[in-house]
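Trainee: After the sequence you'll find the predicted model.
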Amino acid sequence: MFAGANLEGHHVSNAVLGRDFEVDEFGSFVVVAQGDPCPKCGDALSLVRSIEAGHTFELGLSYSNKIPSATFKSEDGNDQKYWMGCYGIGMSRLPAVLAEHFHDSDGLRWPRSVAPYQVELLTITPSRAPEAVAFTDDVYRQLSERGVEVLYDDRDLTAGVKFADADLIGVPTIAIIGQRGIANGVIEVKDRLSGERIEVSVPDIVDYLSENR
């Protein structure tokens, strides 16, 4: 152990409890603080907030001693108790972790690898655009048949509300389908993570959304 030497700026190393000193009381008497130097490299310590996404525990013999059958045969043929451990990932915590790191002022920005939906289809003024609705229905069907997880917003609300909700939910790829776009032969596609917008030709939209999910 290391211990004080009763001399400013000096410490005793390799002190052995029971040989060199005795302890009257054990306790936590020092708390690290922002800026404390690292004992190895000397760099200042930074204290940051974090979220426990997963953990591991060494349980030792605590539980195996309570279970008569928690034994195995050792090399010498004798029964030995298992040393136990456990680990876990907090499924309810992971969305919080993702939201903390993948968001902007408009809402979530799900990474593609863990997004609950890969593509969102958004129709503009569906009550006044039956052709766009029929087209979007067909795109939804084809994508679903290809195994793409699709969120389909066919609510008859203003475009601004639907755009805001799409950004808030944060599906990685948002396809905006309207009567005018179909007439011009293009579909606007937005990458939620980067904010990039591109136009994809109507005949290629299903292939594009399937390949870029």
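Mentor: Alright, I've got the coordinates.
Trainee: Spell out which helix or strand contains F163, please.
Mentor: For F163, the element it lies in under DSSP states H and E is helix 159-169.
Trainee: what lines up beside the next helix or strand after that helix in the sheet?
Mentor: Using DSSP H and E, the next helix or strand after helix 159-169 towards the C-terminus is strand 173-177. Next to strand 173-177 in the sheet, as set by DSSP bridges, lie strand 119-123 (parallel), strand 186-191 (antiparallel).
Trainee: helices or strands next to the next helix or strand after strand 173-177 in the packing?
Mentor: Using DSSP H and E, the next helix or strand after strand 173-177 towards the C-terminus is helix 179-184. Helices and strands touching helix 179-184, by 3 or more Cβ pairs under 8 Å, 6 or more residues apart in numbering; DSSP states H and E, are helix 130-145. Backbone N, C-alpha and C define where each C-beta goes, glycine included.
Trainee: Quick check: what element follows the helix it packs on along the chain?
Mentor: Criterion used, DSSP H and E; the element after helix 130-145 is strand 150-153.
Trainee: quick one: contacts of that next one?
Mentor: The contact list for strand 150-153 (Cβ atoms under 8 Å, 6 or more residues apart in numbering) reads 117-123, 136, 140, 143-144, 162, 165-166, 169, 171.
Trainee: Stretch 159-178 too?
Mentor: Residues outside stretch 159-178 that contact it (Cβ under 8 Å, 6+ apart): 102-103, 106-112, 115, 117-125, 129, 132, 135-136, 139, 151, 153, 155, 187-193, 205, 209, 212-213.
Trainee: Please list only the buried members of those residues.
Mentor: Taking 16 or more other Cβ atoms under 10 Å as the criterion, what is buried in the contacts of stretch 159-178 is 102, 107-110, 115, 117-124, 129, 132, 135-136, 139, 151, 153, 187-190, 192-193, 205, 209, 213.
Trainee: Roughly how far does D138 sit from Y117?
Mentor: Noted for D138: a distance of 18 Å to Y117, by Cβ to Cβ, to the nearest Å.
Trainee: try I187
Mentor: Counting by Cβ to Cβ, the gap from I187 to Y117 is 17 Å.
Trainee: With E58 instead?
Mentor: Distance, E58 to Y117, using Cβ to Cβ: 39 Å.
Trainee: buried set for stretch 158-167?
Mentor: Buried positions in stretch 158-167, judged by neighbour count with 16+ other Cβ under 10 Å: K162, F163, A166, D167.
Trainee: can you put these in TSV and add pLDDT and distance to V30?
Mentor: Below are the buried residues of stretch 158-167 laid out as TSV (pLDDT from 0 to 100; distance: Cβ to Cβ, whole Å):
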residue	pLDDT	distance to V30
K162	96	56
F163	96	53
A166	97	51
D167	97	47
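Trainee: so which of the residues you listed comes closest to A5?
Mentor: Comparing the buried residues of stretch 158-167 against A5 with Cβ to Cβ places D167 closest, at 61.6 Å.
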